[in-house]
Each structure stands twice: as structure tokens, then as C-alpha cells.
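In: any chance you could fold what I've pasted below:
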Amino acid sequence: MNWIASGGVIGMACNRLAYKVEQRSLAIPRALGSWIDTIAIVWAAVFLFASLPKLIYPVTPVGSIQGFLALALPYVIIALAPLAGFRVASGSFPGGAPTAQPEIRLAIFGRWRKLSVLDARAHPVFGPAGLMASLMIGLLINIVFRSFEFLLAIPAIDSNGPFWGRELFLYMTADVAVMGFFYMVCFVMALRTAPLFPRMLLFAWGLDICSQLIIASHIGGMRDLPVSVALPLRQLLEGNIHKVLISAFVWLPYLILSERVNVTYRQRTERRSPAVSVN
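Out: Numbers count the residues shown, from 1 in each chain. All right, here's what the predicted structure looks like:
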């Protein structure tokens, strides 16, 4: 009997802990939704401030104000790309507005029962909470990490530098800016419960991998590229691809099978036991 009582106490404690974690995870999307505009602006300011040493001490000397502005433009684009993604996605997916479901289902695994818009929104697991909140935070962290990785790894080279250096600087700028834009779009779509969020995230992952391969093909194929640059660049690009593949490996099963994801973004729930779910 003592074992049964102890098991009951432990079960109640686990349930309380799970409830507290769930409530805290519900607060994360609300807080991010309220502050994301400010966060994006602060991020742009922080990144531009961190870019100043690169602009003050470039690899190739800048002889004019025009040259300085041209050198600074890529850093401004990287800083503003997530803010642009936020603005575009926020305008395309207003908060609380129901969005039509896609006609063709790509996530065909599992046994699901279709829900109406109202039933889905009233469901206990509706909303970007639980593990979804962790995924959303991960998207924002990825933007920050990739941007500062660019600052540390890529030298500031203007038109006076070697051809391979200018191309590397421009291609890596485009990569970080484009992916910052699309990962922020994914974040807003997840926050606004847009049905196309899982597909947009899959598209962003695919675009990220293609971007690394394009850079490797274009820059790596240059004959005058120094070996001292080629090897670190290869490691950087391979590292980016590995991070994308790991993210997809970890999160794809969740995005396909989670009841929370299916209720929130696909308006359907499990046929057999809705009480047992992967949140």
C-alpha cells in the first residue's frame, strides 16, 4: 500500500510539474508576440554596433565615403533582413485571422479527424506552446548565431580586394540576409498559427542547404582561392549544412506527428485517443 501511495504522490507531483511547464510555455509565445517588433529593432541596432570594428578596420583600405557606405551596406542588409521578414509575414498573416487550409496534405501519417476552425481553436492543445515554443525560440537563436558567425568568419572586403574576396563577401552576405528573412517569416507564421508554417519551414531548410551548396560550388571553384581560405570556408559551409540536417532530423517527426501541430496548423486531431498526445 505504501508503494501505491508513493506512486500516487509521485504521479500527482509529475502532473503538477507538467502543468507548470505547460503554463510557462504558453506564456512564451504571448511574450514574444508582444515584444518581437522591439526585439527585431534592438537586434538590428546590436548587430550594426557589433559590425563597427569590421567597418573601421577592413581588410582592404577604404579611400572615400562612398566606399565606406558601399562596404557598410551588406551589414545593414543583414541587420534589417529579419525585420523585413517580420513586417512581411505580419502583414500577410494577421494575428487571430483564420487562414484557409491547403487542399493537398503532405503529412499523411497517422489517423486524423478533421476539425472546424472553432473546434480547433477551442481544443486544449491549440496554440504554439510546449515544444513549439522551443522550436520558435530556436529559429530566433539561429538568426542571431548565423549573423554573428558571419561577423567572425567573413572579412570585410570592398571593390579594392581580390575577386574571390569580393565574391565571398557578397555571397555570404546574401546567404545570411536571405536566411534571416525566411527564418523570421517562419517564426511569425508559427506564432500566428498559419497553416502553411510546416511547409515554409521545410522550404527554408531546403533553401538553406541549396545556398550552402551554391556558395561551395561558386567560391570553391575559383582557381585563385587561397588554401588558407578554402579549408575554413569548407568547414563553415559543411557545418551549416549539418546544423540544418540535424534540425530537420529532430523536428520533422514532431511537425508531422504532434497532436499540437496537427490541431494548430492542420485543424485535425487523433481519431482514437486524443487524451494521449505529443505536445
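
In: and the helices in the protein?
Out: Counting by DSSP state H, the chain has helices at residues 2-56, 65-92, 117-122, 131-153, 163-191, 197-220, 227-257, 259-266.

In: show me what the fifth one is packed up against.
Out: Think helix 163-191. Packed against helix 163-191 by the contact rule (3 or more C-beta pairs under 8 Å, 6 or more residues apart in numbering; DSSP states H and E) you find helix 2-56, helix 65-92, helix 131-153, helix 197-220, helix 227-257. Where C-beta positions appear, they are placed from N, C-alpha and C, glycine not excepted.

In: which strands and helices lie in contact with the last one?
Out: In terms of contact count using 3+ C-beta pairs under 8 Å, 6+ apart, helix 227-257 is assigned the packing partners helix 131-153, helix 163-191, helix 197-220.

In: with distance to Ser51 and mean neighbour count as extra columns, can I get those in a markdown table?
Out: Shown next, in a markdown table, are those (distance: least, C-beta to C-beta, whole Å; neighbours: other C-beta atoms under 10 Å):
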| stretch | distance to Ser51 | mean neighbour count |
| --- | --- | --- |
| helix 131-153 | 6 | 17 |
| helix 163-191 | 11 | 22 |
| helix 197-220 | 20 | 18 |
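
In: can you put those in CSV and add distance to His123 and mean pLDDT?
Out: Listed next are the helices and strands packed on helix 227-257 as CSV, based on distance: least, C-beta to C-beta, whole Å; pLDDT from 0 to 100:
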stretch, distance to His123, mean pLDDT
helix 131-153, 14, 91
helix 163-191, 17, 93
helix 197-220, 17, 94
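
In: quick check: nearest residue in space to the residue most central in space within the chain, chain neighbours excluded?
Out: Centroid-nearest residue in the chain: Leu139, 2.7 Å away (criterion: C-alpha atoms, centre = their mean). Among residues not flanking Leu139 along the chain, Phe187 sits closest, at 4.5 Å (C-beta to C-beta, 6 or more residues apart in numbering).

In: check Ile28 too.
Out: Per C-beta to C-beta, 6+ apart, closest to Ile28 is Ala133, 4.2 Å.

In: ok so, going back, any chance of the helices and strands packed on helix 227-257 in JSON lines, with distance to Arg113 too?
Out: Below are these laid out as JSON lines (distance: least, C-beta to C-beta, whole Å):
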{"stretch": "helix 131-153", "distance to Arg113": "21"}
{"stretch": "helix 163-191", "distance to Arg113": "23"}
{"stretch": "helix 197-220", "distance to Arg113": "19"}
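
In: residue ranges in this protein under the pLDDT threshold?
Out: Counting by pLDDT under 70, the chain shows low-confidence ranges at 1-26, 95-98, 100, 104-110, 272-279.

In: the residue nearest to Ala72 when sequence neighbours are not counted: what's it in contact with?
Out: Distances taken as C-beta to C-beta, 6+ apart put Leu55 closest to Ala72, at 5.5 Å, once the chain neighbours are dropped. Listed by C-beta atoms under 8 Å, 6 or more residues apart in numbering, the contact partners of Leu55 are Phe68, Leu71, Ala72, Tyr75, Ala156.

In: thanks again, I'm all set now.
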